[in-house]
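A.B. asks: Sequence first, then the predicted structure:
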Amino acid sequence: MYELDDDEIAAVLERNGVGVLALDGPVYPYQIPMCYGYLAADDCFVLQLTGGGEKHQSIQFNPRASVTVFEETDPGTRWQSVVVRGVLEAISYRDEEPAFAALAANTQSAPNPVSWADSTDRGDLAPYRLSIDERAGRAFELG
């Protein structure tokens with residue numbers, strides 16, 4: 001195992017687009033797979049959440065969040081994971097338009113993204129930025 005440097009972490013984040021968002025819920029931690037957009041040049045990480053529900057309650061309780069992204073880069077030989085931590089803040093789509101374009105592209109390749117929404121009505125999506133405070137990544141050689 002070895003630690004990924006900042007450039008390697010950025011590459012993992014840009015290359016993927018699906019991760020597990022973890023929030024501090026009022027009773028239990030709340031974790032959900034999410035599509036995201038990330039632009040390394042701006043260190044900009046964005047996602048959109050459906051209105052209301054447990055995610056928004058959790059953010060109101062505590063806006064600090066983490067996202068875990070993982071991949072098997074060379075099938076059967078190497079596994080990498082990245083964790084970013086920071087504060088979620090509601091923004092407008094105009095604030096980070098290029099990053100939301102990346103998010104839109106990522107949702108097209110996500111496995112069954114419609115089932116990941118709380119609602120089939122996409123009119124209730126709200127844009128958020130994760131202001132990254134901490135990042136870490138590791139690579140593991142398999143076999």
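C.D. replies: The structure has been received and is ready for your questions. Numbers count the residues shown, from 1 in each chain.

A.B. asks: CA atoms for contacts and neighbours, from now on please.
C.D. replies: Fine.

A.B. asks: those strands in this protein, which residues are they?
C.D. replies: Remark: strands assigned in the chain by DSSP state E are 2-3, 18-24, 29-35, 37-39, 44-50, 64-74, 78-90, 125-141.

A.B. asks: okay if I get these as TSV plus mean neighbour count and mean pLDDT?
C.D. replies: Converted to TSV, the strands of the chain look like this (neighbours: other C-alpha atoms under 10 Å; pLDDT from 0 to 100):
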stretch	mean neighbour count	mean pLDDT
strand 2-3	12	96
strand 18-24	21	94
strand 29-35	16	90
strand 37-39	25	91
strand 44-50	21	88
strand 64-74	18	92
strand 78-90	18	95
strand 125-141	17	93
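
A.B. asks: Any chance of those strands in CSV with distance to residue 11 as columns?
C.D. replies: Formatted as CSV, the strands of the chain follow (distance: least, C-alpha to C-alpha, whole Å):
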stretch, distance to residue 11
strand 2-3, 14
strand 18-24, 13
strand 29-35, 16
strand 37-39, 10
strand 44-50, 13
strand 64-74, 11
strand 78-90, 10
strand 125-141, 11
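
A.B. asks: Between those, which one is closest to residue 104.
C.D. replies: Among these, strand 37-39 comes nearest to residue 104, with 7.6 Å by C-alpha to C-alpha.

A.B. asks: Need the residues that contact that closest one.
C.D. replies: 13-14, 17, 44-47, 98-104, 106 (C-alpha atoms under 8 Å, 6 or more residues apart in numbering).

A.B. asks: switch to 6 Å and redo it
C.D. replies: 14, 44, 45, 46, 99, 100, 102, 103 (C-alpha atoms under 6 Å, 6 or more residues apart in numbering).

A.B. asks: Would you point out the most distant pair within these?
C.D. replies: 14 and 100 (12.6 Å).

A.B. asks: what about these two, which has more around it?
C.D. replies: Using other C-alpha atoms under 10 Å, the more surrounded residue of residue 14 and residue 100 is residue 100, with 25 against 18.

A.B. asks: per-residue confidence for that one?
C.D. replies: As predicted, residue 100 sits at a pLDDT of 79.

A.B. asks: Run through the bridge partners of the residue nearest to residue 88 when sequence neighbours are not counted.
C.D. replies: Distance criterion C-alpha to C-alpha, 6 or more residues apart in numbering; nearest residue to residue 88, sequence neighbours excluded, is residue 130 at 4.5 Å. Beta bridges link residue 130 to residue 45, residue 88 when assigned by DSSP bridges.

A.B. asks: Alright, calling it a day.
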